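Visitor: I need the structure of the sequence given here:
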Amino acid sequence: MIGDNKGFTLVEVLIVALVLAIIIGAGTGIFVSAVKIQKYNLKHQQIFSQISYITEYMNRMIRMAGQGDGICIPEDTSYEILEEDGYSKIKFINYNEECQQFYLDMDYYMSTGQGRILSKTGEQDPVLISSESFDVYVLGFNIIGGDASDEYQSRVTILIGMTTLLGEAFLDNEPDIKIQTTVSKRNLDI
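Guide: From the prediction side, this is the model:
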């Protein structure tokens with residue numbers, strides 16, 4: 001009768017338990033990796049949306065710039081770039097004929113270590129155009145043909161680099177986007 005026993009041996013039960021533990025461990029590892037990748041992709045998409053908004057806002061204003069008035073920027077120019085603390089600031093006459101500027105808020109950067117972009121129009125207080133959830137670490141401008149006496153249509157190249165604020169790192173790397181775009185002035189420099 002001993003040979004008719006229909007149960008499992010202890011070794012068989014341990015092997016099945018080990019195989020199940022390996023399968024569950026692998027499944028959990030895959031799930032955790034998928035969640036980390038999803039978080040990374042979500043942060044990347046948020047940065048992309050933010051940088052798209054900023055560039056579209058700047059492009060719209062810069063595209064409509066008028067000629068210099070001698071007060072805000074020199075006469076017969078469309079744009080003026082000022083270098084302060086190694087960062088660029090652009091000034092121009094906007095479509096409402098007010099002096100407008102885009103620049104990094106260096107005071108905020110010095111106190112928090114986080115860069116953010118401000119827009120200042122005329123004598124009004126500066127307005128934040130980048131979200132405080134992100135760090136703008138590069139903002140640069142380059143002008144081509146900004147003088148009315150040259151033979152080139154005015155164009156401004158904008159460079160923006162942005163990352164998320166420090167958080168849970170994915171492979172020790174936070175999402176980061178650098179974008180460069182060039183905007184030509186809508187009205188011809190004639």
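Visitor: Residue 142: how many residues sit nearby?
Guide: 16 (other CB atoms under 10 Å). (C-beta placed from N, C-alpha, C; glycine too.)
Visitor: does the residue nearest to it when sequence neighbours are not counted sit in a helix, a strand or a coil?
Guide: Nearest residue to residue 142 in three dimensions, chain neighbours excluded: residue 157, at 4.3 Å (CB to CB, 6 or more residues apart in numbering). Three-state call for residue 157 (DSSP: H, G, I helix; E, B strand; the rest coil): strand.
Visitor: so what's residue 157 up against?
Guide: Counting by CB atoms under 8 Å, 6 or more residues apart in numbering, residue 157 touches 141-144, 180-183.
Visitor: Just give me the closest of those residues to residue 52.
Guide: residue 181 (10.1 Å; CB to CB).
Visitor: Is the closest one in contact with residue 54, as I believe?
Guide: No: between residue 181 and residue 54 no contact is recorded; they are 10.3 Å apart, counting by CB atoms under 8 Å.
Visitor: In terms of packing, which of the two has more residues around it?
Guide: When neighbours are counted by other CB under 10 Å, residue 181 and residue 54 differ, and residue 54 comes out ahead with 23 against 14.
Visitor: Give me the three-state assignment for the more buried one.
Guide: Counting by three-state DSSP, the backbone at residue 54 sits in helix.
Visitor: you'd agree it is up against residue 161?
Guide: No: counting by CB under 8 Å, residue 54 sits too far from residue 161 to count as a contact (11.4 Å).
Visitor: Name the nearest residue to residue 100, ignoring sequence neighbours.
Guide: residue 94 (4.2 Å).
Visitor: So the one you found versus residue 6, what's the distance?
Guide: The spacing between residue 94 and residue 6, counted by CB to CB, to the nearest Å, is 87 Å.
Visitor: neighbour count winner among these two?
Guide: residue 94 (19 against 4).
Visitor: Please report how far the more buried one lies from residue 136.
Guide: Computed as CB to CB, the residue 94 to residue 136 distance reads 21 Å.
Visitor: Repeat that for residue 84.
Guide: Distance from residue 84 to residue 136, by CB to CB: 15 Å.
Visitor: SS state for residue 95?
Guide: Once three-state DSSP is applied, residue 95 turns out coil.
Visitor: Quick one: neighbours of it, just the number.
Guide: 14.
Visitor: And residue 99, by the same measure?
Guide: 18.
Visitor: Just give the nearest non-adjacent residue to it, would you?
Guide: Nearest non-adjacent residue to residue 99 (CB to CB, 6+ apart): residue 72, at 3.4 Å.
Visitor: again, but for residue 135
Guide: Take residue 135 and drop its neighbours on the chain: the residue closest to it by CB to CB, 6+ apart is residue 114, 4.9 Å away.
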